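> Coordinates for the following, if possible.
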Amino acid sequence: GLLPFAQWLLAAHTVHEATHGALSSNPRINYWAQFTAHPILFNVYVWIPQHILSHHQYTNDPQHDVDVHHFAGARLAKEQSPYLSSLSSSGSPTTNEGWTFVWKGCLTTLGTCILQPLRTLTEKATPNFDVNITPVPAAVSKEKLLLSMLPSFFVLLYPIGAGLTGTMPPIEAVFAEIWPWVGMSIIWTTMTQTSHIQEDCQWDATDPTTNDNDCWTAQQIATSLDYSVGNRVLTWATAGLNNQGLHHAMPTISAAHFCDLYDDYEAICRKHGVAPRQSQDLGSACRECLDYVFQLNAPPTTTTTTTAAPKE
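Prediction:
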């Protein structure tokens, strides 16, 4: 029952900083430390292109940030068009796809560890798209990708085998099959998505702050949320993701320095006309995230106008 929490607390700091080259000055250490994300956080080979090359360069831009599309058919960006799968025959959404964000948010790491790499192995397109939007680097062979998936396959398949052979009681087998993925996914979605899926953090082609072609750093700050800044315990528990604007502005800086840097960072931002997006704490950030997603995905309301009959 503790596996998701143990994986997050023991590995999140290590793997996140290793992928950004912030864990060690030795590239070999950073490379191998990334694999602490296995078996139930994400597959490293899938993660690098989508997180480093896509998300961190084009944060919240629906044309280039693949993270905006991980919960299709829920819209996460204001400039996003509704997914065809969410439309009725009349061309309008009939249900609030915010619930799609919720249920997919409970299965995110099953996607990052199993489904996304499997699409590369089987050469299948991502659902709702014509191509695979989460490919692996060209230098990674299918054999190497498959080998990297073995720990995740073990977590996925062992409870099934144990339940079928009687090694594990059926109830325990079902729990062991479901909980590691659901528990880790809830933690993952809570810690990562609240930092960007916010009304105040939306990429806007007409907003000079989020679409400042002259300042990439200003774009990063304007599309990321900070909360509980200065709180060392929460910064440790969230692997520094509560200081998302600071992290996106300086991704190679270790989260160990965030609490000491934040006041100076904020002062510099405001001096140059960039206001860090902030929320009070994790609870308020989650509430604001869900409010935004459900409001954005609400079906259009039809208003019936009644005209009174003219008096004779």
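
> In stretch 176-194, which residues are buried?
Neighbour counts over stretch 176-194 (16 or more other Cβ atoms under 10 Å) mark 176-177, 180-194 as buried. Yep, even glycine has a C-beta here, placed from its N, CA and C like the rest.

> now it, how far from the centre of its chain.
11 Å (Cα atoms, centre = their mean, to the nearest Å).

> Then stretch 235-253?
On Cα atoms, centre = their mean, the centre of stretch 235-253 falls 14 Å from that of its chain.

> For that stretch, buried residues please.
235-251, 253.

> for stretch 163-170, same thing?
Buried, per 16+ other Cβ under 10 Å, within stretch 163-170: G163, M168.

> same thing with stretch 290-302?
Buried residues in stretch 290-302 (16+ other Cβ under 10 Å): L290, Y292, V293, F294, L296, N297.

> on that earlier part again, now go through the buried residues of stretch 176-194 and say which are in strands.
Within the buried residues of stretch 176-194, no residue falls in strands by DSSP state E.

> any low-confidence regions in the protein?
Under the criterion pLDDT under 70, the flagged ranges of the chain are 84-92, 205-213, 302-312.

> how about 50 then?
304-312 (pLDDT under 50).

> Could I get the full set of helices for the stretch 51-200 of the chain?
Using DSSP state H, counting those that start in this stretch, the helices found in the stretch 51-200 of the chain span residues 98-105, 108-110, 116-122, 142-165, 170-193.

> repeat for the stretch 201-312 of the chain
Going by DSSP H, counting those that start in this stretch, the stretch 201-312 of the chain shows helices at 216-222, 232-237, 244-249, 258-271, 282-296.

> can you tell me which of these comes nearest to A77?
helix 282-296 (8.3 Å; Cβ to Cβ).

> Not counting its own residues, what contacts the closest one?
Here helix 282-296 makes contact (Cβ atoms under 8 Å, 6 or more residues apart in numbering) with 74-76, 78, 96, 98, 101-102, 190, 193-195, 197-199, 225, 227-228, 234, 238, 242, 279.

> Generate a PyMOL selection restricted to the buried subset of these.
This is how PyMOL selects the buried members of the contacts of helix 282-296, with burial counted by 16+ other Cβ under 10 Å:
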select buried, resi 74+75+76+96+98+101+190+193+194+195+197+198+225+227+228+234+238+242+279
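
> Quick check: the closest residue to I221 other than its chain neighbours vs Q34, distance?
Using Cβ to Cβ, 6 or more residues apart in numbering and skipping residues adjacent in sequence, the residue nearest I221 is G245, 4.6 Å away. G245 is 24 Å from Q34, where distance means Cβ to Cβ, to the nearest Å.

> what's the spacing between D130 and K124?
For D130, the distance to K124 - Cβ to Cβ - is 11 Å.

> S148 too?
For S148 relative to K124 (Cβ to Cβ), the value is 18 Å.

> Between those two, point out the one with more neighbours.
More crowded of S148 and K124, by other Cβ atoms under 10 Å: S148, with 20 against 12.

> you'd agree that one is up against N43?
Yes - using Cβ atoms under 8 Å, S148 is in contact with N43, at 6.0 Å.

> Give me the common contacts of these two.
With Cβ under 8 Å, 6+ apart, S148 and N43 have common neighbours P117.

> What residue, apart from its backbone neighbours, is nearest W181 spatially?
L110 (4.7 Å).

> Measure how buried the one you found is and give me the count.
19.

> What of Y83?
19.

> quick one: it and I133, what's the gap?
Distance from Y83 to I133, counting by Cβ to Cβ: 13 Å.

> ok, back up a step: so which of the helices of the stretch 51-200 of the chain is nearest L2?
So among the helices of the stretch 51-200 of the chain, helix 170-193 is nearest, using Cβ to Cβ, at 9.1 Å.

> Now do the closest one against helix 142-165, angle only.
Relative orientation of helix 170-193 versus helix 142-165 (axes from the mean of the first three to the mean of the last three Cα atoms, to 10 degrees): 140 degrees.

> Return the residues in contact with P251.
P251 touches H20, A22, H56, counting by Cβ under 8 Å, 6+ apart.

> for E79, same thing?
P62, Q202, W203, D204, A205.

> what's it sitting at in phi/psi?
Note on E79: its backbone torsions stand at phi -80, psi 0 [degrees, to the nearest 10].

> Can you tell me how far it is from N60?
From E79 to N60 the distance is 9 Å (Cβ to Cβ).
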